[in-house]
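Asks: next input, structure requested:
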Amino acid sequence: QVQLVESGGGLVQAGGSLRLSCAASGSIFSINAVGWYRQAPGKQRELVATITRDGTTDYAGSMKGRFTISRDNAKNTVYLQMNSLKAEDTAVYYCYARVVVTTSGLEYGYWGPGTQVTVSS
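Replies: This next block holds a predicted model:
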C-alpha cells in the first residue's frame, strides 16, 4: 500500500509564490516518474509538470518559467515551486507517482487527494 499526500496549498495574492510538496509513504521500493496535475472548477484535470527519477523535467507551456518541479529521492518527496501566480492558477493540485512496490516489485500509479491553491486577483 502506498499513500501520497500533498501539502503547501493555500490562499495567495496574484504575483505571489507557493511551494507544494508531495510526500509518499508505504511499501515503496522506488519512485519513478512523478507528475503534478491540477483541476480548476468546471475544467478537466491538466498536466502541470513531470519529473523522472533521474531529475529530467518537463512543463506544460503556460507553466514554463514560473513553476519548478524537483524531488528528493531520499525523502520520497516531490516539490512544485510556483512563482508569479495568477488567478487562473487557482485549482486543486494533485500529484501522481509511478511507484515500484516492495511487495511485488511491480510498478503502479498512485494519486494523492489534492491540495487547494487559490490565487486572488
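Asks: and the strands in this protein?
Replies: Listed in chain order, the strands of the chain (DSSP state E) span 2-7, 10-13, 18-26, 28-39, 46-51, 57-59, 67-72, 77-82, 91-101, 107-111, 115-120.
Asks: so of the ones you listed, which one's packed in deepest?
Replies: strand 77-82 (a mean of 23; mean count of other C-beta atoms under 10 Å). The C-beta positions use only the backbone N, C-alpha and C, and glycine is treated the same way.
Asks: send me it as CSV with only the CA atoms.
Replies: C-alpha atoms of strand 77-82 as CSV (Å, rounded to 0.1, in the frame of the first residue of the first chain):
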residue,chain,number,x,y,z
THR,A,77,9.1,13.8,-1.8
VAL,A,78,8.5,15.8,-4.9
TYR,A,79,8.0,19.6,-4.8
LEU,A,80,6.4,22.2,-7.0
GLN,A,81,7.6,25.7,-6.6
MET,A,82,5.1,28.1,-8.1
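Asks: contacts for that strand?
Replies: Residues from elsewhere that reach strand 77-82, judged by C-beta atoms under 8 Å, 6 or more residues apart in numbering: 17-24, 34, 36, 48-49, 51, 66-72, 89, 93, 95, 97, 117.
Asks: picking that back up, can I get the strands of the chain in TSV with mean pLDDT?
Replies: Conversion of those to TSV gives the following (pLDDT from 0 to 100):
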stretch	mean pLDDT
strand 2-7	98
strand 10-13	98
strand 18-26	98
strand 28-39	97
strand 46-51	98
strand 57-59	97
strand 67-72	98
strand 77-82	98
strand 91-101	98
strand 107-111	98
strand 115-120	98
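Asks: hang on, isn't residue 76 packed against residue 26?
Replies: No: Residue 76 is beyond contact range of residue 26, at 9.3 Å (criterion: C-beta atoms under 8 Å).
Asks: for the spatially most central residue of the chain, which non-adjacent residue is spatially closest?
Replies: Central residue of the chain (C-alpha atoms, centre = their mean): residue 36, 3.1 Å from the mean position. Distance criterion C-beta to C-beta, 6 or more residues apart in numbering; nearest residue to residue 36, sequence neighbours excluded, is residue 48 at 4.3 Å.
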